[in-house]
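1. Need coordinates for the following:
(2 chains)
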2 protein chains.
Amino acid sequence: MIKQYLLSPGPTTVPERVMLRMAAPMIHHRTPQFSAIFAETREMLKQIHQTTQDTLMLACSGTGAMEASIINLCSTGDTIIYVNGGKFGERWGKIAAKHGVNTIELKVDWGQAVALDDVKAALDANPQARGVFVQASETSTTTEHPIREIAALTRNRENCVTVVDAITALGVINIPMDDWGLDVVISGSQKAFMLPPGLATIALSQKAWRLAESATCSTFYFDLKTERKNQQAGKDTTAWTPAASLVIGLNEVLKMMLEEGLDNLFVRHTLLAKAARAGLAALGMTLVSSAPATSATGAFIPEGVDGGAFVKYLRDTMGVTFAGGQDALKGRILRIAHLGYYDVFDIVIAISAIEIALNRFGHPVQMGQGVAAAQQVLAERFVKV
Amino acid sequence: MIKQYLLSPGPTTVPERVMLRMAAPMIHHRTPQFSAIFAETREMLKQIHQTTQDTLMLACSGTGAMEASIINLCSTGDTIIYVNGGKFGERWGKIAAKHGVNTIELKVDWGQAVALDDVKAALDANPQARGVFVQASETSTTTEHPIREIAALTRNRENCVTVVDAITALGVINIPMDDWGLDVVISGSQKAFMLPPGLATIALSQKAWRLAESATCSTFYFDLKTERKNQQAGKDTTAWTPAASLVIGLNEVLKMMLEEGLDNLFVRHTLLAKAARAGLAALGMTLVSSAPATSATGAFIPEGVDGGAFVKYLRDTMGVTFAGGQDALKGRILRIAHLGYYDVFDIVIAISAIEIALNRFGHPVQMGQGVAAAQQVLAERFVKV
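-> Purely as a prediction, here's the structure:
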């Protein structure tokens, strides 16, 4: 018997009340019953996206919504600027290339946030650019980029938008789309929405919808204008078959998130991230990122410990699933998730497991040292008596 | 949002695979389909009871099976000896009184095991006694009684048996019924069987069945001779309607327990208990028991901390449900469960929660100190690399 703990940055743990809601018998998606759920979900989704614009639900993974953002805003031969600071940033370039969209790549060392001066210089050098495409939180390096400041740079450029992949950021940190003038914000179900994968959300500003009018990249499934017509109030349906059980799950999840309240949601995630960093630091581990994310924390596995074997041991022997590193970081780091249905004792488990595993790998650390540092932070979550 | 952790000694956490099995559509209990499951379950149950005798399943709580043991072995006017070292020991006396069965009470200070000399003296002074009734593990005080040694005292007395309430002991510690000459062994579903409450199991030795022939206490529902006829191989049913979903759950649970193996099961529980004791000791907390149980650990809440408020705070503010104390121990102790679906990180959570809560209650303990002591023990569960 090994009890399993899922501490990876997507998929994350699905809350019990959401699992039970999704386990109810299927209802047909072309019915007033489903439309009522759909409409309620859409209105709650606006609150999480912090926008008065339409928030669309797409039956696809986050990558599908990333592609939708490019092909609905661009035509073949257009140019976009994109931030490549990790696996997900890199993906903007790969998608654009498939559609003949030219790219200006802002390559950033893994673990660093993009420098605003570089974004500004790229915009100045490429006045024809349709937009800046960037991750709010680059999951592969557990790093946050300064999306608010980037949006300020594009705001007054007439045909240039800021497109934010907020897949591991929405519902984790404050991303007020309308206030900050973000033009496109994308998220996915298996992150802070605490759902199984298969559903993406996307919201566009008026400026982005205007660009969409003249975009001619080919798409049938991802035509956001068609989706918008179907998903609007009164119609309350989707252009193609929706991921119905996930929409129903999202309905429940959004209720949980709004019951907790956005501010409390951000405070909780911020505290968990701070505790994870404190725990890892107390174990002498170095963070991957100089602008560490609130959704997940990456740390280098100590020299002399086989990183691949270490993450495998934690998963297969101890039952604690973290994410390892990708590409250049493969075998060198582990990533602890703390987005979505995570709380105090998930961080305690994470640090405790790493402490025990380091000792079992012949890398002695003092038992309790990391947990103690994490607990000092985590105690703030509970009122003093 | 508060994540919930159930660390009480029954009900305990139900494993996912068991919940899923029990969530399947109901089947009728008077069918070959159910009988096949029932027969398979009964045979596996014999392995956990470590007996070749019939193991009966009763649709009742453990208390029902305790009553069944008295009324199937005794007649009004008979005398029994019982060990009263806590809430559950006391219950033997209350049941006997309802049926006009005379009792010799061996009262034991709460937190202590019964002294064998006292059992022997009672047997010698009451040669007519039909049996000694005792808990293997007295949950209210988290104490184990020496059942093996008690059975040795009754073995050669012709009409006297040893009846063991093993409700929080079977599947936790080694209780080889046949080897040790235990005459009746009782368990319940919501303990090491990791199920919801509502199902009890009971096995009788040949000697006990012989006593049952002459017992005349009145009962209809709890007539074990009738149950035995129905539950035997070939009939594979129950006298009255069975708790069918719990029997199906038990079928799955027994597969899990046998896959893990009895020896591994005992080693795991022993390690968790040892770690809990180490963690509490490192926090300066005193154990309730001088013969501490393997199923649950009770400790006194430090002076100056309101025990009732403390356990309530852990449950309602921190989401961690322990048991408090009963009767004389009410408001003075907490009890951590580690029987059934519990593993390493449940103990880490338990000790971490107590550490944090003590600090929040103005009783400073050094963060990480208890967790570190528990981890030192728990690390043994994982192989060295």
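2. who touches the residue in the stretch 1-150 of chain A positioned nearest to chain B in this structure?
-> Ranked by CB to the nearest CB, the top residue of the stretch 1-150 of chain A for proximity to chain B is A:Lys3, at 4.4 Å. C-beta here means a position set from N, CA and C on the backbone, and glycine is covered the same way. By CB atoms under 8 Å, 6 or more residues apart in numbering or on different chains, the residues touching A:Lys3 are A:Gly319, B:Tyr341, B:Asp343, B:Val344, B:Phe345, B:Asp346.
3. Local confidence estimate at the nearest residue to A:Ala353 once chain neighbours are set aside?
-> Nearest non-adjacent residue to A:Ala353, counting by CB to CB, 6 or more residues apart in numbering or on different chains: A:Val320, 4.3 Å away. For A:Val320, the pLDDT comes out at 97.
4. On the pLDDT front, check the most centrally placed residue in chain A for me.
-> In chain A, the residue lying closest to the centroid (CA atoms, centre = their mean) is A:Thr168, at 1.3 Å. pLDDT recorded at A:Thr168 is 96.
5. just the one 3 residues further on next, same as before
-> In this prediction, A:Gly171 carries a pLDDT score of 97.
6. How many residues are close by it?
-> Other residues near A:Gly171 come to 24 when the count uses other CB atoms under 10 Å in any protein chain shown.
7. That one contacts A:Ile48, doesn't it?
-> Yes: under the criterion of CB atoms under 8 Å, A:Gly171 makes contact with A:Ile48 at 5.8 Å.
8. which stretches of chain A form helices?
-> Ranges of helices in chain A, per DSSP state H, are A:16-22, A:32-49, A:62-73, A:87-98, A:116-125, A:147-154, A:177-180, A:206-214, A:224-231, A:244-260, A:262-282, A:307-316, A:344-360, A:369-378.
9. Nearest to B:Ser218 among those would be which one?
-> With CB to CB, the closest approach to B:Ser218 among those belongs to helix A:16-22: 44.0 Å.
10. Show me what the closest one is packed up against.
-> Using 3 or more CB pairs under 8 Å, 6 or more residues apart in numbering or on different chains; DSSP states H and E as the contact test, the elements touching helix A:16-22 are helix A:244-260.
11. Pull the distance from the helix it packs on to the chain's centre.
-> How far helix A:244-260 lies from its chain's middle: 17 Å, per CA atoms, centre = their mean, to the nearest Å.
12. go on, stretch A:375-385?
-> Worked out by CA atoms, centre = their mean, stretch A:375-385 lies 27 Å from the chain centre.
13. End to end on it, go ahead and measure it.
-> End-to-end distance of stretch A:375-385 (CA to CA, to the nearest Å): 17 Å.
14. Kindly report the same for stretch A:124-131.
-> 12 Å.
15. Report the buried residues of that stretch.
-> The neighbour-count check on stretch A:124-131 (16 or more other CB atoms under 10 Å in any protein chain shown) flags A:Ala129, A:Arg130, A:Gly131 as buried.
16. contacts for that stretch?
-> Counting by CB under 8 Å, 6+ apart, A:73-74, A:78-81, A:104, A:122-123, A:154, A:157, A:159-163, A:183-184, A:211 sit against stretch A:124-131.
17. next one: stretch A:302-316
-> By CB under 8 Å, 6+ apart, stretch A:302-316 touches A:284-285, A:301, A:320-325, A:330-334, A:353-354, A:357-358, A:360-361, A:363, B:382, B:385.
18. I'd like the helices of chain A as JSON lines, with distance to B:Gln375 and mean pLDDT appended.
-> Shown next, in JSON lines, are the helices of chain A (distance: least, CB to CB, whole Å; pLDDT from 0 to 100):
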{"stretch": "helix A:16-22", "distance to B:Gln375": "28", "mean pLDDT": "95"}
{"stretch": "helix A:32-49", "distance to B:Gln375": "38", "mean pLDDT": "98"}
{"stretch": "helix A:62-73", "distance to B:Gln375": "37", "mean pLDDT": "97"}
{"stretch": "helix A:87-98", "distance to B:Gln375": "34", "mean pLDDT": "97"}
{"stretch": "helix A:116-125", "distance to B:Gln375": "44", "mean pLDDT": "98"}
{"stretch": "helix A:147-154", "distance to B:Gln375": "40", "mean pLDDT": "98"}
{"stretch": "helix A:177-180", "distance to B:Gln375": "44", "mean pLDDT": "98"}
{"stretch": "helix A:206-214", "distance to B:Gln375": "51", "mean pLDDT": "97"}
{"stretch": "helix A:224-231", "distance to B:Gln375": "51", "mean pLDDT": "97"}
{"stretch": "helix A:244-260", "distance to B:Gln375": "31", "mean pLDDT": "97"}
{"stretch": "helix A:262-282", "distance to B:Gln375": "13", "mean pLDDT": "98"}
{"stretch": "helix A:307-316", "distance to B:Gln375": "15", "mean pLDDT": "97"}
{"stretch": "helix A:344-360", "distance to B:Gln375": "6", "mean pLDDT": "98"}
{"stretch": "helix A:369-378", "distance to B:Gln375": "8", "mean pLDDT": "98"}
